[in-house]
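Participant: Have a look at this fold, sequence not included:
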C-alpha cells in the first residue's frame, strides 16, 4: 500500500510535497536562519542604544531680542530682487545661539527627502553658508561627550549611516570609544542625526533582515523593497505552505497522537 | 533513536505549534516587501512640488512643462496650482514679525508659510499651533471645516468634489492610524481608489498624515509580523517565546537537510513514508 502510494507520487507531474519542501528548504535555509537570528536580535536588543544618541543633546534656547530682528519681508524682497529663487517658507530658528531665518526654496515631502534651504542671520541679514567650521560648531553643540573632533568631511547621498537621507551633509567624527559621527545638513544646518558603533551594529542586522545587500546593480536603500527579498519572500511563502500542508496531512493520518 | 529520526520527530512536533506563525511571517513579510514603501506612506496621494521650480521663478512655467515624472493631466493641474500654492510673495506680507511677537510674546517656532492662497505665520503657543494672517494679523486658527476641506482638495493628488469627501472632527480620541499628539484634527475621508484619508490639523491647517487601505493592511501585517497587535513593538515576550521555538524547529529542520541532502547513502523517500 505504502509503496504504491509513493510510486504514484513520483510518477505524477508535480514533485511530491516532501521533495518540494526539501528543495525549497535548500534554497532558503541560509536566509531563514538569518531572518530568525536577526529577528531574535531585534526582540532582545537595547532599543535605546540602537538610536545612536548616546551623546546627543539639545542645545539650550537663547532669548531672542525681537527689537533687533530684521523683518522676514526684507529677506523675501531681497531674494525677489536678487536670486529670484522660489521661497516656500521662512522659519525663525536658532543656530549657535543666534537667531536665523531658515528659508526654504524647495520643499520635499519629508525632511530626509531632497530639500533646498538658505540661511539668513535674523539680526544682521547676512547670509550664512554652513562650511566645515560652522558644521563643527553645530556638531559640538549637539554632542555631550568629552572627545575631540577627529575628522570633518562633506558627503553626498547615499550616506552609509543614514541611507534614507537624500541631502548632502557634513560628517563630523568624534574620537570617542564608540566612534560617534554627527551629520549636519549642509543647506540648513539641521542635525540629521548621530550615529555610533552601537547603531551601526544594529543597522547591520537590519541590512541582513531586509536582505538590503545592494545586489543586481541596486543601491542599498536602508529599506526592504529589493529584488532579492521579493524573490525569497515568494519562495519562503511556498516553503511554509508546503510545510503547513504536510502538518495537516500528518494530523489527518493521526501522526500527532501522543 | 538516531539524530535523523530524533530531528524528524522534534521538527514535526514543534512545527505543529509554530508552523502557523511561520506562515503568518511569510505572508506579512511578502506583503511588506512587495508593496513600495513610499506608496504605502501615501506619498503619491499628495501633489509633489517640482524640483526645477526652485531654481528660478521665471522658469517655473517651462520647468513644469518639461518635467517628465508626472503624467500629462497632472502637469496641467500643477501648472495652474503650484507656483501660487507654495511660494511666498512679499506683497502678501504686511504684518511684521515684530508686531506678531508683541502680540504673542511667548510664540515659539515662528514660521511664515501658506494656508491656501494666504501667506500666514504659524507658531506654537503653550504647545499648540496657531495661524495668523500675515497680511493683517487676524487669527485664523482653529480652522473651520470648510477650510479643512479646501486644504485637503488643494493638496490631494487627484480631483475631488466636495461631495466626494466625508469629514469628521476628532479632538479627544485618535484612531489607530493617527498619533494622538496630532489632535485636534479634521479627518477627511475621500471617496476614491483605496479609500484615502487626509488628516488636517485643526490648529496648524497642515496635512499631517495620510492613510489609505494599503497602509491599513500594511499596519496589520506589521502587527502580525512582530506579534504585537496593539503597540506594534518588536520587544514583546510572545514574539520572544515563539521565535525561540521557531529557531529550535528550524535547527532540527537544518539537521534534516543535512541528512536528506548532504549526507550520502540514505534512501531519499524515507520522509514520504514514515515521518
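Facilitator: Structure's in. What do you need? Quick caveat: nothing in here was measured; it's all calculated off a predicted structure.
Participant: Would you confirm that residue A:187 belongs to a strand?
Facilitator: No: read with DSSP: H, G, I helix; E, B strand; the rest coil, residue A:187 is coil and lies in no strand.
Participant: Hmm, residue A:111 and it touching each other?
Facilitator: No: the pair residue A:187 and residue A:111 fails to qualify as a contact (CB atoms under 8 Å) at a distance of 11.5 Å. To be clear about C-beta, it is placed using only N, CA and C from the backbone, and glycine gets the same treatment.
Participant: Run through chain B and note the low-pLDDT ranges.
Facilitator: Along chain B, the model assigns pLDDT under 70 to residues B:49-85, B:264-275.
Participant: rerun at 50
Facilitator: Within chain B, the ranges that satisfy pLDDT under 50 run B:51-84, B:270-275.
Participant: Could you check the strand or helix carrying residue B:14 against chain A for contacts?
Facilitator: Applying DSSP states H and E as the criterion places residue B:14 in helix B:3-34. Yes: interface with chain A: helix B:3-34 contributes B:12-13, B:15-16, B:19-20, B:22-23, B:25-27, B:29-30, B:32-34 (CB under 8 Å from any CB of the partner chain).
Participant: Just the buried subset of these, written out for ChimeraX, thanks.
Facilitator: Provided next is the ChimeraX selection string for whichever of the residues of helix B:3-34 next to chain A are buried by 16 or more other CB atoms under 10 Å in any protein chain shown:
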select /B:12,15,19,22,23,25,26,27,29,30,32,33
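Participant: how does chain B divide into domains?
Facilitator: B:3-37+B:219-274, B:88-141, B:159-210 (automatic domain parsing).
Participant: In CSV: those domains, plus distance to residue A:175.
Facilitator: Shown next, in CSV, are the domains of chain B (distance: least, CB to CB, whole Å):
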stretch, distance to residue A:175
domain B:3-37+B:219-274, 32
domain B:88-141, 34
domain B:159-210, 38
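Participant: I'd like to know how many residues surround the residue of the stretch 101-250 of chain A found nearest chain B.
Facilitator: Closest to chain B within the stretch 101-250 of chain A is residue A:106: 3.6 Å, counting by CB to the nearest CB. When neighbours are counted by other CB atoms under 10 Å in any protein chain shown, residue A:106 registers 21.
Participant: Now do the helices in the stretch 101-250 of chain A.
Facilitator: A:132-141, A:197-209, A:227-252 (DSSP state H, counting those that start in this stretch).
Participant: Could I get the buried residue list for the longest one?
Facilitator: This means helix A:227-252. Quick answer for helix A:227-252 (16+ other CB under 10 Å): A:228-229, A:232-233, A:235-243, A:246-247.
Participant: got it, and the second one?
Facilitator: Applying a neighbour-count criterion of 16+ other CB under 10 Å, one finds A:197, A:198, A:199, A:202, A:203, A:205, A:206, A:207, A:208, A:209 buried in helix A:197-209.
Participant: Check the average confidence over it, would you?
Facilitator: Mean pLDDT, helix A:197-209: 95.
Participant: other SSEs contacting that helix?
Facilitator: helix A:17-44 (3 or more CB pairs under 8 Å, 6 or more residues apart in numbering or on different chains; DSSP states H and E).
Participant: need the contact list for the residue nearest to residue B:86 when sequence neighbours are not counted.
Facilitator: Leaving out its chain neighbours, the residue that sits closest to residue B:86 by CB to CB, 6 or more residues apart in numbering or on different chains is residue A:88, at 4.9 Å. By CB atoms under 8 Å, 6 or more residues apart in numbering or on different chains, the contact set of residue A:88 is A:104, A:105, A:106, A:107, B:49, B:86, B:87, B:88, B:113, B:114.
Participant: Equivalent analysis for residue A:236, please.
Facilitator: A:28, A:31, A:32, B:26, B:29, B:30.
Participant: ok, now with 6 Å
Facilitator: By CB atoms under 6 Å, 6 or more residues apart in numbering or on different chains, residue A:236 lies in contact with A:28, B:26.
Participant: From residue A:84, how far out is residue A:97?
Facilitator: Here the criterion is CB to CB, to the nearest Å. By it, residue A:97 lies 32 Å from residue A:84.
Participant: my guess is residue A:64 meets residue A:98, correct?
Facilitator: No: using CB atoms under 6 Å, residue A:64 is not in contact with residue A:98; the gap is 9.3 Å.
Participant: Counting neighbours, go ahead and name the busier of the two.
Facilitator: Shown here are residue A:64 and residue A:98; by other CB under 10 Å, residue A:64 has more neighbours (17 against 14).
Participant: can you list contacts of stretch B:12-29?
Facilitator: With CB under 6 Å, 6+ apart as the criterion, stretch B:12-29 contacts A:233, A:236-237, A:240, A:243-244, A:247, B:221, B:224-225, B:242, B:245-246, B:249.
Participant: Give me the residues contacting stretch B:166-186.
Facilitator: B:145, B:148, B:187, B:188, B:189, B:199, B:200, B:201, B:202, B:208, B:209, B:211.
Participant: how about a cut-off of 7 Å?
Facilitator: Stretch B:166-186 is touched from outside by B:145, B:148-149, B:187-189, B:199-203, B:208-209, B:211, B:216, B:219, with contacts defined as CB atoms under 7 Å, 6 or more residues apart in numbering or on different chains.
Participant: Please pick the buried ones from the residues you listed.
Facilitator: Counted by 16+ other CB under 10 Å, those give B:148-149, B:187-189, B:199-203, B:209, B:211, B:216 as buried.
Participant: Could you export the residues you listed as a markdown table, including distance to chain A and secondary structure?
Facilitator: Compiled in a markdown table, the buried ones among the contacts of stretch B:166-186 are given as follows (distance: CB to the nearest CB, whole Å; DSSP: H, G, I helix; E, B strand; the rest coil):
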| residue | distance to chain A | secondary structure |
| --- | --- | --- |
| B:148 | 20 | helix |
| B:149 | 21 | helix |
| B:187 | 20 | strand |
| B:188 | 18 | strand |
| B:189 | 21 | strand |
| B:199 | 15 | strand |
| B:200 | 16 | strand |
| B:201 | 16 | strand |
| B:202 | 20 | coil |
| B:203 | 17 | coil |
| B:209 | 12 | strand |
| B:211 | 15 | strand |
| B:216 | 19 | helix |
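Participant: so which pair among those residues is furthest apart in space?
Facilitator: Within the buried ones among the contacts of stretch B:166-186, B:203 and B:216 form the most distant pair, 25.2 Å apart (CB to CB).
Participant: List of residues touching the longest strand belonging to chain A?
Facilitator: Counting residues, the longest strand found in chain A (DSSP state E) is strand A:98-106. Identification of contacts with strand A:98-106 by CB under 7 Å, 6+ apart yields A:64, A:69, A:72, A:75, A:85-93, A:114-123, A:128, A:188, B:49, B:51, B:54.
Participant: Can you flag the buried ones in those?
Facilitator: For these, buried by 16+ other CB under 10 Å: A:64, A:69, A:72, A:75, A:85-93, A:114-122, A:128, A:188, B:49, B:54.
Participant: out of the buried residues of helix A:227-252, what pair is the most spread apart?
Facilitator: A:228 and A:247 (28.2 Å).
Participant: I figured residue B:189 hits residue B:197, correct?
Facilitator: Yes: taking contacts as CB atoms under 7 Å, residue B:189 lies within contact range of residue B:197: 5.1 Å.
Participant: residue contacts, the residue nearest to residue B:128 when sequence neighbours are not counted?
Facilitator: Spatially, and ignoring its direct neighbours in sequence, residue B:128 is nearest to residue B:203 (5.6 Å; CB to CB, 6+ apart). Residue B:203 is in contact with B:128, B:129, B:130, B:141, B:142, B:184, counting by CB under 7 Å, 6+ apart.
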